[in-house]
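# here you go, sequence then predicted model.
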Amino acid sequence: MDASVKPRLSIGEKIQLMGILLFVSPYSLMLDLTRLLLYAFQNGLSLRYYAGCALFRTLFSTLEGRFAQTILPSTEEAYRAWIRQKERLTKDPLLKERLRCDIQPLDDGHSSILWVGNRHKARKIVLYLHGGGFRLPSVAGHFECVWNSYVLSGVELETEVAVAFLQYSLAPTWRAPVQLRQAAAALSELINAGFSAKDIVVGGDSAGGNLTVQLLHHLVEPHAEVPRIALQEPLSAAFLISPWLGKDTSAASFQENDRYDMVSVAVLRSLDSDIRARGGETDTNTDGQDSWAEPFEYKGQWLNELGSVVRKIHITVGDREILADQGKLMAKTVTASNTGVEVTLESNPKAAHDFLVVEGFFGNIGEDTIRMKQWFKTVL
């Protein structure tokens, strides 16, 4: 099934979805809004951003993957709508040239690259892997985020940057390692198009950060079910935004922030079940490689060899998100491994999960976006 095609629900599922939308989700949203807005007010935080957190928390907690994918625009639909709106609001003709709907299907027939910026003039490419727990399609905030953080940074430094935004297949219909296979196919497509590894940056938010680490792992130690990619040189850089990197929830940030973040421990367990669920393909894993979707649980020495595939890794977390300690542990682990990779870590004391995308969701160039732009300019 094409990643842009919505699931087909049975009559029973449609009735169930209607009941959730009429009764369960509104009640849950009311509780989440009340709790998170009160928390934000008491701690001097952005009411608008934490209201956004409440909305996504309700989506994650009340709607299983197929239901969420039915009512939300697909990643391609969100992309087309964002391009239309952005082009209409942009007056600068030079910026308008970078706002053309450009969809490049990949060979698997299910995934595609949605281009933000002009790929035909680009000197630097960002391969972006979006978040959403592998369950939700991307939202307009993702496209606003990559436009502000990467394309406009290139404009400001007079270096043409284009973002290859991957539309991948969603769980639970498609489970790991399908998403890794599609990310690897996208990277191969960029290399085959003539872009050098030194001119490619790969990264993503939340589950997209997870998929970024899976892709780096694959470049070091190929997954048995994913075509191998032989790089002639390391990638320019990778970035992980509020990355979800494992199923262990014992770290302090999970307990401290569970009630006040966009995602909860219970939601993470549900998402983990989705990505492991059967469906879409037969179960071909023969050696336990489904744990690739949980990089911290996968045993091996691949982390020690990251320097062979990437030069820099930039990690951002919000101190008020449950995944904060995972991102910090990733930075500490890679640094301690003496891989030769330049690791930078930024934490925002006021932010919950994925605030870079939350800023994009509200059309803002806020603190997290400004910090990402500052880092990205160092790799151009």
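Good, I have the coordinates. Residues are numbered from 1 along each chain as shown.

# hey, let's count contacts and neighbours off CA atoms from now on
Will do.

# what bits of the stretch 151-300 of the chain have low per-residue confidence?
277-291, 299 (pLDDT under 70).

# mind listing the strands for it?
161-167, 200-205, 237-241 (DSSP state E, counting those that start in this stretch).

# can I get those strands in JSON lines with mean neighbour count and distance to Leu306?
What follows is these, written out as JSON lines (neighbours: other CA atoms under 10 Å; distance: least, CA to CA, whole Å):
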{"stretch": "strand 161-167", "mean neighbour count": "27", "distance to Leu306": "22"}
{"stretch": "strand 200-205", "mean neighbour count": "26", "distance to Leu306": "14"}
{"stretch": "strand 237-241", "mean neighbour count": "26", "distance to Leu306": "11"}
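
# any chance of a markdown table for those strands, columns distance to Tyr49?
Putting the strands of the stretch 151-300 of the chain into a markdown table (distance: least, CA to CA, whole Å) gives the following:
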| stretch | distance to Tyr49 |
| --- | --- |
| strand 161-167 | 24 |
| strand 200-205 | 17 |
| strand 237-241 | 16 |
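
# which of these sits closest to Asp2?
strand 161-167 (9.8 Å; CA to CA).

# can you list the strands that that closest one pairs with?
Strand 161-167 sits in its sheet next to strand 112-116 (antiparallel), strand 124-129 (parallel), going by DSSP bridges.

# quick check: mean pLDDT across the following helix or strand past the last one?
Put plainly, it is strand 124-129. Next helix or strand after strand 124-129 toward the C-terminus (DSSP states H and E): helix 140-146. Mean pLDDT, computed over helix 140-146, is 97.

# report the distance from helix 140-146 to the chain centre.
11 Å (CA atoms, centre = their mean, to the nearest Å).

# and that helix, what does it pack against?
helix 75-89, helix 355-361 (3 or more CA pairs under 8 Å, 6 or more residues apart in numbering; DSSP states H and E).

# please identify the buried residues of stretch 3-11?
3-7 (16 or more other CA atoms under 10 Å).

# now find how far off-centre that stretch is within its chain.
22 Å.

# residues making contact with it?
The contact list for stretch 3-11 (CA atoms under 8 Å, 6 or more residues apart in numbering) reads 66, 69-70, 74-77, 110-111, 167-170.

# first to last residue in stretch 97-117, what's the distance?
Terminal residues of stretch 97-117 lie 8 Å apart, using CA to CA, to the nearest Å.

# right, I mislabeled it, should have said stretch 193-201
15 Å.

# same check, this time on stretch 172-179
End to end - CA to CA - stretch 172-179 spans 12 Å.

# so which bits of it are buried?
Buried-residue list, stretch 172-179, by 16+ other CA under 10 Å: 172-179.

# return the subset of these lying in helices.
178-179 (DSSP state H).

# for Val201, state which of the buried residues of stretch 172-179 is nearest.
Scanning these for proximity to Val201, where the rule is CA to CA, the winner is Gln179, at 18.2 Å.

# out of the strands paired with strand 161-167, which is closest to Ser61?
strand 124-129 (22.4 Å).

# give me the contacts around that closest one.
119, 150, 159-167, 183, 186-187, 195, 199-205, 208-209, 211-212, 380.

# repeat the analysis, applying 6 Å as the threshold.
161-166, 199-204, 208 (CA atoms under 6 Å, 6 or more residues apart in numbering).

# please identify which of those is nearest to Val317.
Looking across the contacts of strand 124-129 and measuring by CA to CA, the closest to Val317 is Gly204, at 12.4 Å.

# hmm, back to that, between the helices and strands packed on helix 140-146, which one is closest to Ala224.
helix 75-89 (28.3 Å).

# show me what counts as buried in that closest one.
For helix 75-89, by 16+ other CA under 10 Å, it's 75-80, 82-83, 86-87.

# give me the number of residues near Ser169?
25 (other CA atoms under 10 Å).

# now the closest residue to it other than its chain neighbours: phi and psi?
Using CA to CA, 6 or more residues apart in numbering and skipping residues adjacent in sequence, the residue nearest Ser169 is Ala3, 4.7 Å away. With angles defined as degrees, to the nearest 10, Ala3 sits at phi -60, psi -20.

# residue boundaries of the helices in the stretch 151-300 of the chain?
Assigned by DSSP state H, counting those that start in this stretch, the helices in the stretch 151-300 of the chain fall at 152-156, 178-192, 207-220, 252-257, 265-276.

# adding distance to Gln42, write these out as JSON lines.
Putting the helices of the stretch 151-300 of the chain into JSON lines (distance: least, CA to CA, whole Å) gives the following:
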{"stretch": "helix 152-156", "distance to Gln42": "35"}
{"stretch": "helix 178-192", "distance to Gln42": "40"}
{"stretch": "helix 207-220", "distance to Gln42": "30"}
{"stretch": "helix 252-257", "distance to Gln42": "15"}
{"stretch": "helix 265-276", "distance to Gln42": "23"}
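
# closest one to Glu342 among those?
helix 207-220 (14.7 Å).

# what's the angle between that closest one and helix 265-276?
40 degrees (axes from the mean of the first three to the mean of the last three CA atoms, to 10 degrees).

# relative to strand 200-205, how tilted is helix 207-220?
140 degrees.

# about what we covered before: among the helices of the stretch 151-300 of the chain, which is the most enclosed?
The highest average neighbour count among these, using mean count of other CA atoms under 10 Å, belongs to helix 207-220 at a mean of 25.

# now that helix, how far from the centre of its chain.
11 Å.

# and the angle from that helix to strand 237-241?
150 degrees.

# and the longest helix for the chain?
Per DSSP H, the chain has its longest helix at helix 25-42.
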